[in-house]
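Trainee: Provide a 3D model corresponding to the input given below.
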Amino acid sequence: MYKQEQIKPYEGEGDKGKLVEEMFDNIAPTYDTLNHHLSWDIDKGWRRKAIGLLQRHHPEKMLDIATGTGDFAILAAKTLHPQQLIGADISEGMMEIGRKKVEKENLQDIISFKKEDCLHLSFPDETFDAVTAAFGIRNFQNLDQGLKEMCRVLKKGGHLSIVELTHPVKFPMKQLFRIYSHTVLPIYGKLISKDQSAYSYLTATIEAFPQGETMMEVLKKAGFEKAEFKRLTFGICTMYFATK
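Mentor: Model prediction:
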């Protein structure tokens, strides 16, 4: 078991999956505003880089895991022009906002949303050319099982592209990020979303989540043949790319 799997929102009473679903339903209306403000919009650039890794592979059928309000899915559809992209998430509240954004962008013929338990996906083996995930796998209550499912639904030779928030490892960004994540992030999160617990939980999972070389081993254990990573913005975010 990885450390972040033991961290639950709302004092940790009950099943982590259900608590995470409740948390994201609660913060859905303010999630986009907070995400962009708290990262000074740098998160948009991180997504672009992760999608850029898939450009030369021309995926036609894609799955975006923990799609949330659909930002990653929308950017992927506009950049990669797949025939079909399914956004999967546990939170209907988040996906409802995503559906409105997709309609506004006139992408409903390409992007659809589906409520899924990411540890037990409903799709057959080898369904997708590419699977993506932005800032979501940290919330899995079983990381190994979630990654195995991503690998299972990928076609042989298919690609997984992930961006995830990570804790910087070098001075002075390590120290600065700790101060920021323990003070500014939960306070601002409470002001905007009225849910301080959610943003304290997010900080705790960032610090506990396996990263870098450790994640390479985790990805290979899940069934991926090749895996690589790159730290972005002084290590605040890490990009992972794996091939089945």
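Trainee: return the residues in contact with Lys61.
Mentor: 82-85, 127-130 (Cβ atoms under 8 Å, 6 or more residues apart in numbering). Backbone N, C-alpha and C define where each C-beta goes, glycine included.
Trainee: buried ones among these?
Mentor: For these, a burial check counting by 16 or more other Cβ atoms under 10 Å picks out 82, 84-85, 127-130.
Trainee: helix or strand with the lowest mean pLDDT in this structure?
Mentor: Across the helices and strands of the chain, mean pLDDT, DSSP states H and E gives its lowest value to helix 184-193, namely a mean of 79.
Trainee: got the CA coordinates for that helix in PDB?
Mentor: In PDB, the C-alpha atoms belonging to helix 184-193 read as follows (Å, rounded to 0.1, in the frame of the first residue of the first chain):
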ATOM      1  CA  VAL A 184      -2.000  29.600   0.700                       C
ATOM      2  CA  LEU A 185      -3.600  26.500  -0.900                       C
ATOM      3  CA  PRO A 186      -5.900  25.400   2.000                       C
ATOM      4  CA  ILE A 187      -6.800  29.000   2.900                       C
ATOM      5  CA  TYR A 188      -7.600  30.100  -0.600                       C
ATOM      6  CA  GLY A 189      -9.400  26.800  -1.200                       C
ATOM      7  CA  LYS A 190     -11.600  27.400   1.800                       C
ATOM      8  CA  LEU A 191     -12.400  31.000   0.700                       C
ATOM      9  CA  ILE A 192     -13.400  30.000  -2.800                       C
ATOM     10  CA  SER A 193     -14.900  26.500  -2.400                       C
END
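Trainee: not counting its neighbours along the chain, what's nearest Lys44?
Mentor: Spatially, and ignoring its direct neighbours in sequence, Lys44 is nearest to His36 (7.3 Å; Cβ to Cβ, 6 or more residues apart in numbering).
Trainee: the one you found: which element?
Mentor: helix 16-38 (DSSP states H and E).
Trainee: in the protein, where's the longest strand?
Mentor: strand 154-165 (DSSP state E).
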